[in-house]
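Asks: I would like to see how this sequence folds:
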Amino acid sequence: MTEREQRTAEAIVRAVAEAPDAQSAMTRAVAGLRAHRPEYTWVGIYLLDGDELVLGPFLGTPSPHTRIPLDRGLCGAAAREKRTIVVDEVSADPRYLACSLETRSEIVVPILDGDRVLGEIDIDSDAPAAFGPGDRALVERVAAALAPRLAP
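Replies: The predicted structure is shown next:
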């Protein structure tokens, strides 16, 4: 992580920890991540509800995908596999569910409570290969900070 990414992570983690409730924690995480880089054109959180991911707080153009079954899309794959997925060119990945014609790359990071998926952070970019190792570390750190706020 660069120094800027570390400062951003610390600020977002602090904002999440200080939020009065889970909804506010998610909203603060989304806002902090979206403000981090102009390349992050859409930032949202999906929460696991049974066998579907349900869209929670987000910033960006409204998505047609407000509910995503676990067997569909990059979001479903990240939840099923319980691991971060980074796609440098979404048009080359058959799992991609198109939200915007401009989207070129995507990162999806599960929010885990131990081995249990609570939800995930999904970020789209209109730039190809927008997510490097520092972005991954940043978003994974934010997901880890959200986990205790979302755990029942």
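Asks: Tell me which residue is most central in this structure.
Replies: Closest to where the C-alpha atoms of the chain average out (Cα atoms, centre = their mean) is Ile121, at 1.7 Å.
Asks: mind checking the SS state of the residue lying closest to that residue once chain neighbours are set aside?
Replies: Counting by Cβ to Cβ, 6 or more residues apart in numbering, Ile121 lies nearest to Val109, which is 4.8 Å off, once chain neighbours are set aside. Quick note: C-beta positions are derived from backbone N, CA and C, even for glycine. Secondary structure assignment for Val109 (DSSP: H, G, I helix; E, B strand; the rest coil): strand.
Asks: Ala137 is in contact with Val109, correct?
Replies: No - shown here, Val109 and Ala137 do not form a contact pair, counting by Cβ atoms under 8 Å, at 10.2 Å.
Asks: more neighbours, the two?
Replies: Just comparing Val109 and Ala137: by other Cβ atoms under 10 Å the higher neighbour count belongs to Val109, 26 against 16.
Asks: show me what contacts the more buried one?
Replies: Contacts for Val109 (Cβ atoms under 8 Å, 6 or more residues apart in numbering) come out as Ala78, Thr84, Glu120, Ile121, Arg136, Val139, Glu140, Val142, Ala143.
Asks: what's the answer for Ala15, then?
Replies: Counting by Cβ under 8 Å, 6+ apart, Ala15 touches Ala25, Arg28, Ala29, Gly32.
Asks: If you rank the residues you listed by neighbours, which is first?
Replies: Ala29 (26 neighbours).
Asks: what ranges do the strands span in this protein?
Replies: For the chain, the strands defined by DSSP state E occupy 42-49, 52-59, 67-69, 85-87, 105-113, 116-125.
Asks: Export the ones you listed as a markdown table, with columns for mean pLDDT and distance to Thr8.
Replies: Formatted as a markdown table, these follow (pLDDT from 0 to 100; distance: least, Cβ to Cβ, whole Å):
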| stretch | mean pLDDT | distance to Thr8 |
| --- | --- | --- |
| strand 42-49 | 97 | 13 |
| strand 52-59 | 97 | 15 |
| strand 67-69 | 94 | 27 |
| strand 85-87 | 97 | 18 |
| strand 105-113 | 97 | 15 |
| strand 116-125 | 97 | 13 |
